[in-house]
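Student: dropping a prediction and its sequence here:
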Amino acid sequence: GFTPITEADLQPGDILFSAEKTLLSASIRLFNHAPVSHAFLYLGDGQIAEAVGAGVRIRPLDQALDQTNLAVAFRRPDLTAADVEKIRAFAQRMQGSPYNRLGVVKQAPYSVTRHVCELPVIPRAVRHLCLNALAAVQITPFASQRYFCSQFVIEAFNQAGKPLTHTPPEWLNPNDILRMREGDVPAAAPIARLNYIGHLQCADSFWNGTC
């Protein structure tokens, strides 16, 4: 669906997804068979938190929107004010943390081989076992203060005590979080489904076309 929204429609704790008109963004979407390449968090008061190549940072939402042609918002409906404060505190605490480049490198081969597990002929229960087995072999979980974008989003909800899934954060990409929305078939079993809020931005791109 397509519902145009503005910043006034957002709530702190909302998850935002974007796709930039760049070759890197197109490559990420191609590898993951995905419509989005980046995930980040809305903190309220016009601020977002994200993990990018420069590390974890907090910056104005309008700056992020200036750099993308697609931005869509989803929400975990049962977040409380206390949960949001924990997400904010985690983002502020992690601001300046380095980017998890090793995690991204480990995800690259998994992004290709995992498609075997997602073939339509594979039953859903077997699909999750297959994905978890591949990830356990190709992406060994490790404790780190380094984050890539989807890992940062998942860990923020973990820190708030409202995990989106029991799947280790470093196994997931932005599209895996997006597929936790209502009505979709998730690759990682969600604890709570995400509700679609609307599109903050949706313009032409050389990969997606129009919304």
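Tutor: Cool, got the structure. Since this is a predicted model, take the numbers as computed values, not measurements.
Student: any weak-confidence spans in the protein?
Tutor: 1, 21-34, 112, 114-115, 121, 137-144, 203-211 (pLDDT under 70).
Student: those strands in it, which residues are they?
Tutor: 15-19, 38-44, 47-52, 55-60, 70-75, 195-202 (DSSP state E).
Student: which of the residues in the last one are buried?
Tutor: If you call a residue buried by 16 or more other CB atoms under 10 Å, then strand 195-202 has these buried ones: 196-202. C-betas here are computed from N, CA, C, even on glycine.
Student: tell me what angle it forms with strand 70-75.
Tutor: Per axes from the mean of the first three to the mean of the last three CA atoms, to 10 degrees, the angle that strand 195-202 makes with strand 70-75 is 160 degrees.
Student: now the buried residues of strand 195-202 in a markdown table, with distance to Gln95?
Tutor: Shown next, in a markdown table, are the buried residues of strand 195-202 (distance: CB to CB, whole Å):
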| residue | distance to Gln95 |
| --- | --- |
| Tyr196 | 28 |
| Ile197 | 25 |
| Gly198 | 28 |
| His199 | 27 |
| Leu200 | 23 |
| Gln201 | 25 |
| Cys202 | 29 |
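Student: can you name the two of those that are farthest apart?
Tutor: Maximum pairwise distance among the buried residues of strand 195-202 (CB to CB): 14.8 Å, between Tyr196 and Gln201.
Student: tell me where the protein has helices.
Tutor: For the chain, applying DSSP state H gives helices covering 23-32, 61-66, 81-94, 101-113, 124-138, 149-159, 174-178.
Student: kindly reformat these as JSON lines containing mean neighbour count and distance to Val72.
Tutor: Formatted as JSON lines, the helices of the chain follow (neighbours: other CB atoms under 10 Å; distance: least, CB to CB, whole Å):
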{"stretch": "helix 23-32", "mean neighbour count": "16", "distance to Val72": "14"}
{"stretch": "helix 61-66", "mean neighbour count": "15", "distance to Val72": "12"}
{"stretch": "helix 81-94", "mean neighbour count": "17", "distance to Val72": "19"}
{"stretch": "helix 101-113", "mean neighbour count": "15", "distance to Val72": "21"}
{"stretch": "helix 124-138", "mean neighbour count": "15", "distance to Val72": "24"}
{"stretch": "helix 149-159", "mean neighbour count": "23", "distance to Val72": "14"}
{"stretch": "helix 174-178", "mean neighbour count": "23", "distance to Val72": "8"}
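Student: among these, which is nearest Val185?
Tutor: helix 124-138 (7.3 Å).
Student: correct me if wrong: Phe165 contacts Arg193.
Tutor: You called it Phe, but residue 165 is Thr. No: applying CB atoms under 8 Å, one finds Thr165 not in contact with Arg193, separated by 10.9 Å.
Student: which residue packs closest to Thr113, ignoring adjacent ones?
Tutor: Nearest-residue entry for Thr113: Leu134, 5.7 Å, with adjacent residues in sequence omitted and distances by CB to CB, 6 or more residues apart in numbering.
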